[in-house]
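Asker: Here is the input, now give the coordinates:
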Amino acid sequence: MDVHKEEPSKVRPEWGKKIDFLFVTVGSSVGLGNVWRFPYICYRNGGGVFLIPYLFAVLVIGIPVAFLEAGLGQFMSRGAVSAWKICPLFQGVGCAVTLLIIYTQCYYNVVMAWILYYLFSSFTTVLPWSHCGNEWNTVHCREHRGQNRSVNVTSLLNSSAPGLLGYDAVVASNSSNITHKVMDAATEFWERKVLGVSEGIEHAGRIKWELALCLLLAWVLVYLCIWKGIKITGKISYFTVTTPYILLMALLIRGVLLDGAFEGIRFYLLPDWSKLGKAQVWLEAGIQVFYSYTLGMSVHTALGSCNTFHHNSLRHLLIFVGVNTFTSFLSGFVIFSVLGFMATQQSLSISEVAGSGPGLAFVAYPEAMSQMPVAPLWSVLFFLTLIFVGIDSQFAHCEAFIIGISDVFPRLLRGSPNKEIFSGVMCFAWYLVGLSMVTEGGVYIQQLFEWYCGGRILMLVVFLECSVIAWIYGVSRFQGNMEYMLGYRLGPFLKFAWFFATPTVSFIMFTVDIVLYPEMTYRRKSGVYHFPGFARGIGWILSAAPLLCVPGMMIWRMCTAKGSLITRLKFLIKPEFDDVQMRRDKKQESSEKLCPEEIPMTA
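Answerer: The predicted model follows:
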């Protein structure tokens, strides 16, 4: 069969240089979870001992799944939806991971809006969260956590102070002298000024216009990074990927020079061998790998599809694994050196000042920086770091989605100006969805998306990916495809991981997660908020939608195929491009992109 070039409308984008794939892959996965989640998770789950379950998860889940997804995209030269035509009966897996990345775009940039708000608030001589007396503060405000004081309600009942009996009023003592829980200035700034947290998800309240503008700016930045395609995205990633390491090193140098810094680092790494026997420790190590390696969300598949056919993607992915892990541990030294300083200043233990997620990034760490000399400078550097590690993850995810959809509708969405218009429409649509998360009750919606559209659903998706490739398509066959593509043998480990280890561990993690975390809650300073039944119902619908794509597409494929039931099944587990021949011109093969129609599906 003669080889022919694709029509202009079907020409796929390629990386300008091979190393672009590495930079964008690092940028897509090295994100906020490395900086604000890993250090606390490591400390809470045994310090240095946490390395054992974490590296186990990297070996059994991170490397095999990242290469399976990227290798599939590179081999098929297609994004997620079309790449799963390698086994048409299960093309719904591609639809599922595409829907998951849509979910991510809805809530991830809201976090970027919070970061931008803090960044702009840092350009001042005195950080606004370092002291009380602001218009958003209540009479219960204290400047630092080390201060312990009570507020007698009797003397304040006639006060017009906002929130006196609101969400910051907690536990009563006896009949006449009711004592309220005090709140530090950093927490009041976060909950009252930035979020304006309402009583619950059913009380949406008004849109916080400052956050809405920050969210708009975040989406404008993302659009400017993706509107001209991956060749420009690859060049931008050189800057967005390398700059955070410069900023992190500056923060680390400043942190280790602070009084109490090494005590904080000691707590970060102090091994607690008793933790190894707890299922929760192994589960959280696995969840961290799922998040920080961006598994199960079509990103690696789409980015890999833009490689030349014989690109050594495995080598770049191994470099990516090393960089990702290094970044997580480096961030721990940066965070805990400053938290050690904060604990020393306030005569508290590390456990009293440490936190995870938004609590670490928007309360604990900012409060610690407010006590440092030249506090605004270090605050600006910290939030700039978060901006860079967050923005390249966001635009890489958007690019992955656009690549996947463009492969489904190549005539409509490829080329200028169609791609630019489509990218702009999607960014604006995600911005409109995000507006619901910058209301006074928006943080509950954001947490709802993050809880039900991440973690456990990613585990099931990865289980499906490995199962389809290993048990339906054939693990030996897929390994042969990868060896032909790379030009060398892979060895038995990846084959064993795809066939048994990775799907088994993923399914076990899913089961343990359901048992340990049956209900979603949100921790506020005033206490734990339990989501109402209707909110949890919406969350389960969001979780179920990607999984329903798999049987839905299966039914549609079976109904549209021809022949008897057995004939249809045999046809639908056979790759759609199985009858093609190999390109013979090696010179052209190394310099041009191979189309899926030109790739042999057997080793």
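
Asker: Next up, the contacts around the nearest residue to Gln91 once chain neighbours are set aside.
Answerer: Spatial nearest neighbour of Gln91, chain neighbours left out: Trp84 (4.6 Å); criterion: CB to CB, 6 or more residues apart in numbering. Bear in mind the C-beta positions are built from the backbone N, C-alpha and C, glycine included. Going by CB atoms under 8 Å, 6 or more residues apart in numbering, Trp84 touches Leu72, Phe90, Gln91, Gly92, Val93, Gly94, Val468.

Asker: Hmm, Val81 and the third one touching each other?
Answerer: Yes: under the criterion of CB atoms under 8 Å, Gln91 lies in contact with Val81, with a separation of 7.0 Å.

Asker: Give me the buried positions along the helix or strand hosting Phe56.
Answerer: Element membership for Phe56 (DSSP states H and E) is helix 51-57. Under the neighbour-count criterion of 16 or more other CB atoms under 10 Å, helix 51-57 has Leu51, Ile52, Pro53, Tyr54, Phe56, Ala57 buried.

Asker: Isn't the fourth one up against Val289?
Answerer: Yep, that's Tyr54 we're talking about. Yes: the criterion here is CB under 8 Å, and Tyr54 meets it with Val289 at 7.2 Å.

Asker: okay, now Arg44: neighbour count?
Answerer: 17 (other CB atoms under 10 Å).

Asker: what sits up against stretch 218-232?
Answerer: 13-16, 20, 24, 109, 112-113, 116, 233, 236, 240, 306, 391-392, 394-395, 398-399, 402-403, 419-420, 423-424, 427-428, 430-431, 434.

Asker: So which of these are in helices?
Answerer: 20, 24, 109, 112-113, 116, 233, 236, 240, 391-392, 394-395, 398-399, 402-403, 419-420, 423-424, 427-428, 430-431, 434 (DSSP state H).

Asker: Now for Leu252: which residues touch it?
Answerer: Per CB under 8 Å, 6+ apart, neighbours of Leu252: Leu330, Phe333, Val334, Ser337.

Asker: Hmm, I typed the wrong one, I wanted Arg557.
Answerer: With CB under 8 Å, 6+ apart, Arg557 has these contacts: Pro88, Leu89, Gln91, Leu572.

Asker: where does Leu295 land in three-state SS?
Answerer: coil (DSSP: H, G, I helix; E, B strand; the rest coil).

Asker: Can you tell me how far the residue nearest to Trp273 when sequence neighbours are not counted is from Ile555?
Answerer: Once flanking residues are discounted, Trp273 sits nearest to Val49: 5.7 Å by CB to CB, 6+ apart. Distance from Val49 to Ile555, counting by CB to CB, to the nearest Å: 47 Å.

Asker: who has more neighbours, the two?
Answerer: Taking neighbours as other CB under 10 Å, Val49 and Ile555 compare with Val49 leading, 19 against 11.

Asker: hang on, that one packs against Leu276?
Answerer: Yes: between Val49 and Leu276 there is a contact at 5.9 Å, judged by CB under 8 Å.

Asker: Tell me which residues of stretch 486-503 come out buried.
Answerer: Leu486, Leu494, Lys495, Ala497, Trp498, Phe499, Ala501, Thr502, Pro503.

Asker: Is the residue nearest to Trp273 in a helix, a strand, or coil?
Answerer: Taking three-state DSSP, the label given to Val49 is helix.

Asker: Just the buried subset of the ones in helices among the contacts of stretch 218-232, please.
Answerer: By 16+ other CB under 10 Å, the ones in helices among the contacts of stretch 218-232 give 20, 24, 109, 112-113, 116, 233, 236, 240, 391-392, 394-395, 398-399, 402-403, 419, 423, 427, 430-431, 434 as buried.

Asker: so is the residue nearest to Gln91 in a helix, a strand, or just coil?
Answerer: Trp84 falls in the helix class when you classify it by three-state DSSP.

Asker: For the chain, give me the ranges with low pLDDT.
Answerer: Within the chain, the ranges that satisfy pLDDT under 70 run 1-11, 144-181, 354-357, 415-416, 525-526, 577-603.

Asker: The stretch 201-350 of the chain: helices as residue ranges?
Answerer: 209-226, 230-256, 261-269, 279-292, 299-304, 313-346, 350-353 (DSSP state H, counting those that start in this stretch).

Asker: Tell me the buried residues in the third one?
Answerer: This means helix 261-269. In helix 261-269, the ones that count as buried by 16+ other CB under 10 Å are Ala261, Glu263, Gly264, Ile265, Phe267, Tyr268, Leu269.

Asker: Equivalent analysis for stretch 508-523, please.
Answerer: Ile508, Met509, Phe510, Val512, Asp513, Met520, Tyr522.

Asker: Let's see which of those residues end up in helices.
Answerer: Checked against DSSP H, those include these in helices: Ile508, Met509, Phe510, Val512, Asp513.

Asker: Quick check: can you list the domain ranges of this protein?
Answerer: 8-126+206-598, 134-193 (automatic domain parsing).

Asker: Would you tell me which one of those domains is buried the most?
Answerer: domain 8-126+206-598 (a mean of 20; mean count of other CB atoms under 10 Å).

Asker: Show me where the stretch 451-600 of the chain has its helices.
Answerer: Under DSSP H, counting those that start in this stretch, the stretch 451-600 of the chain gives helices at 455-467, 475-486, 492-496, 502-516, 533-560, 565-572, 586-591.

Asker: What sits closest to Phe449 if chain neighbours are left out?
Answerer: Using CB to CB, 6+ apart and skipping the chain neighbours, the partner closest in space to Phe449 is Tyr107 (4.1 Å).

Asker: next one: the helix or strand harbouring the one you found to chain centre, how far?
Answerer: Assigned by DSSP H and E, Tyr107 belongs to helix 92-121. Its chain's C-alpha centre and that of helix 92-121 lie 8 Å apart, by CA atoms, centre = their mean, to the nearest Å.

Asker: Next, the angle from that helix to helix 209-226.
Answerer: 120 degrees (axes from the mean of the first three to the mean of the last three CA atoms, to 10 degrees).

Asker: Run the angle between helix 92-121 and helix 533-560 for me.
Answerer: 140 degrees.

Asker: Please name every helix or strand in contact with helix 92-121.
Answerer: Applying 3 or more CB pairs under 8 Å, 6 or more residues apart in numbering; DSSP states H and E, we find helix 92-121 packed against helix 80-83, helix 209-226, helix 299-304, helix 375-408, helix 418-435, helix 442-452, helix 455-467, helix 533-560.

Asker: I'd like to check what contacts the first one. Which residues are they?
Answerer: It stands for helix 80-83. With CB under 8 Å, 6+ apart as the criterion, helix 80-83 contacts 72-73, 76, 91, 94-95, 97-98, 298, 301-302, 305, 400, 404-405, 407-408, 596.
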